[in-house]
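Engineer: A structural model of the following input is requested.
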Amino acid sequence: MLFRLLSDLYFYIFDRLICYTLLKWCSARFNIRFMNLGYVNDEDTAVNQIVHRSIIDSNEEAHVGLYEKTLSLHPQYPSLIDLRLLEVGCGQGGGIEWIRKSHPEISTVLGMDRVAIKESIITGDAHHLPFESSSFDIVVNVESSHLYQDPQQFFHECFRALSSGGHLCWADLRFDNQEKEVAQQAKLAGFELHSMEDITQSVIRGMEKVSARYDKMLTTAPWYIKLFGNSFRETYCAPGTSTYQRYVRREKRYWAACWVKR
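Structural biologist: This next block holds a predicted model:
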């Protein structure tokens, strides 16, 4: 029990203080633009049509697939004409670059992150979005909210930033018993649920595809990256790791959801 607690504490610190600092270096050397676990579902025709039509780098297929799956829950998908979109927690901006390419019909695509590593990304806090009320028609949040100190405040801010009739398109991981908690947080913020799906199995397939590439990268990485090799493998949930097994055993699950502001 003590070992499990110490292990969880280490990975909590690693994810928040070490991992992202090292990934900034890795992103330039290995052309890593995405940090999500991925999504692969050969039967998801609507998503796959967009991905296969617009994809340039096949290494990113699982990553952009997760973005498309998240957007696909929007009732107007795939034709999101003249809508204003904000991604909260956009990381290195790979997602907003993908959305601009795959959905040129969207009039505005902005990305915001707590640490903006590109000039095109707006610096901001998910708990206090630096935008006027009713500024957007879609807010996208992919694999980010589980890191927030106050997810309830995040939902409130998304509700405020959206115009009436706007949608929050969200995808993230949670422990198995937290599904109702997320739904309640969105409801308390004022949202009405449009749709919610358990996409765990498709994300597991995404993990398997993504981790095969990252494992190869680790073999050619500098020693100070290899030093944290096992920790990185736990972070991207490579097969055989304890984090991967949590999804296989469904101790952790992955959901995609869309809420509307009435």
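Engineer: Count the neighbours of the nearest residue to Asn41 once chain neighbours are set aside for me.
Structural biologist: Distance criterion CB to CB, 6 or more residues apart in numbering; nearest residue to Asn41, sequence neighbours excluded, is Ser202 at 4.1 Å. Quick note: C-beta positions are derived from backbone N, CA and C, even for glycine. By the measure other CB atoms under 10 Å, the count of residues near Ser202 is 24.
Engineer: so Ser202 sits right up against Lys69, yeah?
Structural biologist: Yes: here Ser202 lies in contact with Lys69, judged by CB atoms under 8 Å, at a distance of 7.4 Å.
Engineer: and for the two, which residues touch both?
Structural biologist: By the contact definition CB atoms under 8 Å, 6 or more residues apart in numbering, Ser202 and Lys69 are jointly contacted by Tyr39, Asn41, Asp44.
Engineer: got the contact list for the last one?
Structural biologist: Think Asp44. Under the criterion of CB under 8 Å, 6+ apart, the neighbours of Asp44 are Gly65, Lys69, Ser72, Ser202.
Engineer: got it, and the first one?
Structural biologist: Taking CB under 8 Å, 6+ apart as the criterion, Tyr39 is in contact with Val47, Ala62, Gly65, Leu66, Glu68, Lys69, Ile199, Ser202, Val203, Arg205, Gly206.
Engineer: As CSV, could you dump the C-alpha coordinates of the helix or strand containing the fifth one?
Structural biologist: For Glu68, the element it lies in under DSSP states H and E is helix 61-72. Written as CSV, here are the backbone C-alpha positions of helix 61-72 (Å, rounded to 0.1, in the frame of the first residue of the first chain):
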residue,chain,number,x,y,z
GLU,A,61,-3.3,9.6,-37.2
ALA,A,62,-4.3,8.3,-33.7
HIS,A,63,-3.8,11.7,-32.1
VAL,A,64,-5.9,13.6,-34.6
GLY,A,65,-8.5,10.8,-34.5
LEU,A,66,-9.1,11.7,-30.9
TYR,A,67,-9.7,15.4,-31.8
GLU,A,68,-12.1,14.3,-34.6
LYS,A,69,-14.0,11.9,-32.3
THR,A,70,-14.4,14.8,-29.8
LEU,A,71,-15.7,17.2,-32.4
SER,A,72,-17.9,14.5,-33.9
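Engineer: what inclination does the helix or strand following that helix have with respect to helix 61-72?
Structural biologist: On the C-terminal side of helix 61-72, the closest following helix or strand by DSSP H and E is strand 84-88. Between strand 84-88 and helix 61-72, the angle comes out at 130 degrees (axes from the mean of the first three to the mean of the last three CA atoms, to 10 degrees).
Engineer: And strand 84-88, what does it pack against?
Structural biologist: Contacts defined by 3 or more CB pairs under 8 Å, 6 or more residues apart in numbering; DSSP states H and E place strand 84-88 against helix 94-102, strand 108-113, strand 136-142, helix 151-161.
Engineer: what about 7 Å?
Structural biologist: Packed against strand 84-88, as judged by 3 or more CB pairs under 7 Å, 6 or more residues apart in numbering; DSSP states H and E, are the following elements: helix 94-102, strand 108-113, strand 136-142.
Engineer: Go through the ones you listed and name the closest to Ala212.
Structural biologist: Each of the helices and strands packed on strand 84-88 has some distance to Ala212 by CB to CB; the shortest is helix 94-102, at 18.8 Å.
Engineer: how distant is the closest one from the center of its chain?
Structural biologist: Taking CA atoms, centre = their mean, to the nearest Å, the mean C-alpha location of helix 94-102 is offset from the chain mean by 13 Å.
Engineer: ok, and what's touching that helix?
Structural biologist: 33-34, 50, 54, 63-64, 67, 85, 87, 90, 106, 109, 111, 142 (CB atoms under 7 Å, 6 or more residues apart in numbering).
Engineer: Tell me the buried residues in that helix?
Structural biologist: Along helix 94-102, the positions that meet the burial threshold by neighbour count (16 or more other CB atoms under 10 Å) are Gly94, Gly95, Ile96, Glu97, Trp98, Ile99, Ser102.
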